[in-house]
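**Q** build me a model from this:
(one chain, ligands or ions: 2)
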Amino acid sequence: MDILKLINSQKQKFPLEQPFYVNKEIFELDLETFFYNQWVFVGHASRITNKGDYFLFSIGNESIIIIRENNEKINCFFNVCRHRGSHICLEDEGRVRKLICPYHAWGYDLGGNLINAKMMEKNFNPKNWNLKKCYSQVFEGLVFINLSEKPSEFKNFIKPIKPFIELHGLGRAKIADRKIYPTKGNWKLALDNFHECYHCQPSHPEYCHVHSRDYIQSYGAGSNTGPKSKEFNKKLKIWNKKVKKLGYLTGEFSEDKFSEFFRSAERTPFSNGKLSETKSGKPASTLMGEFNEFDGGYTTIGPSPFNSIIMSNDFATTFTFIPKGPNDTDIEIMWLVNENAIEGVDYNMEELTWMWHKTTLEDKRIIEDNQKGVLSKKYEPGPLSEMEMGLEKLKIWYLKHLEKSIKKTTNTI
Ligand code: FES
Ligand SMILES: [Fe+2]
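**A** Ligands and ions are numbered 1, 2, ... in the order given. All right, here's what the predicted structure looks like:
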């Protein structure tokens, strides 16, 4: 298959053609080009509060151990023994005093240093056989990893979205709930769906109950994903003024030129006096971060194509899209609340998770039905609507990067 030719034959304002959503070779290329070259958050520090607590994150052939060494330090290691390569941790999560390989019992401390290897030759130096580290950064409790050999500077990556995350104090949060939605669809179909709100009216009654029609039209799937709404812009202006007076952040960020990153952030108001992304519009938990009162606003951040963070003043919903196979994607959601909030007293789990749990189950169904149709020999990309600009933007970014990466590899062979 000539992928370069295929890339260049994709039509503007149409979704991708079938191979991009089903082909194994393109899927492998996708992992190398995209997931392995981005800063992606894979969890929250509050999942591993005690020394030796760990969880695994798996993508493609890689398994990463995310483990707490001490109060200050979280390490990320490749789950590959330095002896003959066995996986070391076999359970998805747990607590250990040291990492002991199940094969021949080589032992590593929580810093990844080899501390136990029996009956090796005299000149064997354990210092040369420590666990291999995966690039990682913990920012506001979010554990970011980067599987690249030469990752981009984390500082540059986080800069434009930093104030939006800090506002909500995610570093002083805990996980109230965490769920994985295994979805039988290509990762790009899952993201296409996430980057447009054309489907919200017919598919998401809960989302449309919480969010107003004018918001959905212009910002439903993030800034610049739909046509401008005069009505909403008027509301936004008034709200910005009010919130600036209260001393909180307003505004938005979107990439204005082609870059390795695909980030976005914005603050927008709820309608009809709603304070939080709940069924009643009433708060679901106690305030977080810098907020001393509810400002009636909502923050949406896209750190990478594989992550989203959606925040009310009192809780955050985070998303990680994990490509598992050409037709399989895991959507992992965490609901974060103030670290001091107590379930049943300060927050009610059902209220907190209601909208995004229902909405994600609906999205899972839509994506799976979409994938079934895309697999047909009669699938042909159809024209996009004005409310699918986010999807188009993602597609252009994707195709440009894929082309660049293929050309680079061909030049180096
Ligand atoms: S492969 Fe791990 S101890 Fe041998
Ligand atoms: Fe959706």
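
**Q** quick check: E140 touching I165?
**A** Yes. E140 is within contact range of I165, at 5.2 Å (criterion: CB atoms under 8 Å). Where C-beta positions appear, they are placed from N, C-alpha and C, glycine not excepted.

**Q** which one's more surrounded, those two?
**A** Using other CB atoms under 10 Å, the more surrounded residue of E140 and I165 is I165, with 23 against 20.

**Q** now do the contacts for that one.
**A** Residues near I165 by CB atoms under 8 Å, 6 or more residues apart in numbering: 139-140, 142, 158, 301, 309.

**Q** and which of the residues you listed is nearest ligand 1?
**A** Using CB to the nearest ligand atom, L142 comes nearest to ligand 1 of the contacts of I165, at 31.0 Å.

**Q** what's across from the nearest residue to that closest one once chain neighbours are set aside in the sheet?
**A** Sequence neighbours aside, F41 is the residue nearest to L142 in space, at 4.3 Å (criterion: CB to CB, 6 or more residues apart in numbering). Going by DSSP bridges, F41 is paired in beta bridges with F144.

**Q** pull the number of nearby residues for F41.
**A** Counted with other CB under 10 Å, F41 comes out at 26.

**Q** and what of K245?
**A** Using other CB under 10 Å, K245 has 8 neighbouring residues.

**Q** pull stretch 189-197 out as CSV, backbone CA atoms only.
**A** Written as CSV, here are the backbone C-alpha positions of stretch 189-197 (Å, rounded to 0.1, in the frame of the first residue of the first chain):
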residue,chain,number,x,y,z
LEU,A,189,-13.1,7.3,15.0
ALA,A,190,-13.2,7.8,18.8
LEU,A,191,-11.4,11.1,18.5
ASP,A,192,-13.5,12.2,15.5
ASN,A,193,-16.5,11.7,17.6
PHE,A,194,-15.0,13.7,20.5
HIS,A,195,-14.1,16.6,18.2
GLU,A,196,-17.6,17.4,17.0
CYS,A,197,-20.9,18.0,18.7
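
**Q** any weak-confidence spans in the stretch 301-413 of the chain?
**A** 412-413 (pLDDT under 70).

**Q** now the strands for the stretch 101-250 of the chain?
**A** Under the criterion DSSP state E, counting those that start in this stretch, the stretch 101-250 of the chain contains strands at 107-108, 114-116, 135-139, 142-146, 173-183.

**Q** show me the one of those that comes nearest F194.
**A** Across the strands of the stretch 101-250 of the chain, the minimum distance to F194, taken as CB to CB, is reached by strand 173-183, at 11.2 Å.

**Q** the closest one to strand 142-146, inter-axis angle?
**A** 50 degrees (axes from the mean of the first three to the mean of the last three CA atoms, to 10 degrees).

**Q** which residues touch strand 173-183?
**A** When contacts are defined by CB under 8 Å, 6+ apart, strand 173-183 is touched by residues 44, 46-47, 141, 190, 285, 288, 315-316, 324, 328-339, 341, 343, 347, 349, 352-353, 357, 360-361, 363-364, 367-368.

**Q** quick one on the thing from earlier: now the strands of the stretch 101-250 of the chain in TSV, with mean pLDDT, distance to ligand 1 and mean neighbour count?
**A** As requested, the strands of the stretch 101-250 of the chain are exported to TSV (pLDDT from 0 to 100; distance: least, CB to the nearest ligand atom, whole Å; neighbours: other CB atoms under 10 Å):
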stretch	mean pLDDT	distance to ligand 1	mean neighbour count
strand 107-108	98	9	22
strand 114-116	98	10	16
strand 135-139	98	23	18
strand 142-146	98	23	23
strand 173-183	98	28	18
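
**Q** now render these as CSV, adding distance to L399.
**A** CSV is the format used below for the strands of the stretch 101-250 of the chain (distance: least, CB to CB, whole Å):
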stretch, distance to L399
strand 107-108, 42
strand 114-116, 44
strand 135-139, 26
strand 142-146, 23
strand 173-183, 23
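
**Q** how's this protein carved up into domains?
**A** Annotated domains of the chain cover 40-146, 159-392 [automatic domain parsing].

**Q** name the residues of stretch 346-365 that are buried.
**A** Going by neighbour count (16 or more other CB atoms under 10 Å), the buried part of stretch 346-365 is 347, 349, 351-357, 359-360, 362-364.

**Q** just name the closest of those to V210, please.
**A** Looking across the buried residues of stretch 346-365 and measuring by CB to CB, the closest to V210 is M355, at 5.7 Å.

**Q** pretty sure that closest one is in a helix, no?
**A** Yes. Judged by DSSP: H, G, I helix; E, B strand; the rest coil, M355 forms part of a helix.

**Q** and it, how far from S312?
**A** Separation of M355 from S312 (CB to CB, to the nearest Å): 10 Å.

**Q** list the residues that are in contact with both of those two.
**A** Shared contacts of M355 and S312 (CB under 8 Å, 6+ apart): 277-278.

**Q** tell me the contacts of the residue sitting furthest away from the middle of the chain?
**A** Farthest-out residue of the chain from its mean C-alpha position, per CA atoms, centre = their mean: K122, at 47.2 Å. Neighbour list for K122: empty [criterion: CB under 8 Å, 6+ apart].

**Q** and it, what are its phi and psi?
**A** Backbone torsions of K122, given as degrees, to the nearest 10, read phi -60, psi -40.

**Q** surely the residue nearest to L142 is in contact with I301?
**A** No. Using CB under 8 Å as the test, F41 is too far from I301 to be in contact (10.7 Å).

**Q** ok so, going back, return a PyMOL selection command for the buried portion of the contacts of strand 173-183.
**A** Per 16+ other CB under 10 Å, the buried members of the contacts of strand 173-183 correspond to this PyMOL selection:
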select buried, resi 44+46+47+141+190+285+288+315+316+324+328+329+330+331+332+333+334+335+336+337+338+341+347+349+352+353+357+360+363+364+367
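
**Q** so which of the contacts of strand 173-183 are in helices?
**A** Judged by DSSP state H, the subset of those located in helices is 190, 349, 352-353, 357, 360-361, 363-364, 367-368.

**Q** which one of those residues is nearest to ligand 1?
**A** Checking those against ligand 1 with CB to the nearest ligand atom, the nearest one is A190 at 35.5 Å.

**Q** just the pLDDT at that closest one, thanks.
**A** A190 carries a pLDDT value of 98.

**Q** my read: it touches T320, true?
**A** No. Using CB under 8 Å, A190 is not in contact with T320, being 11.2 Å away.
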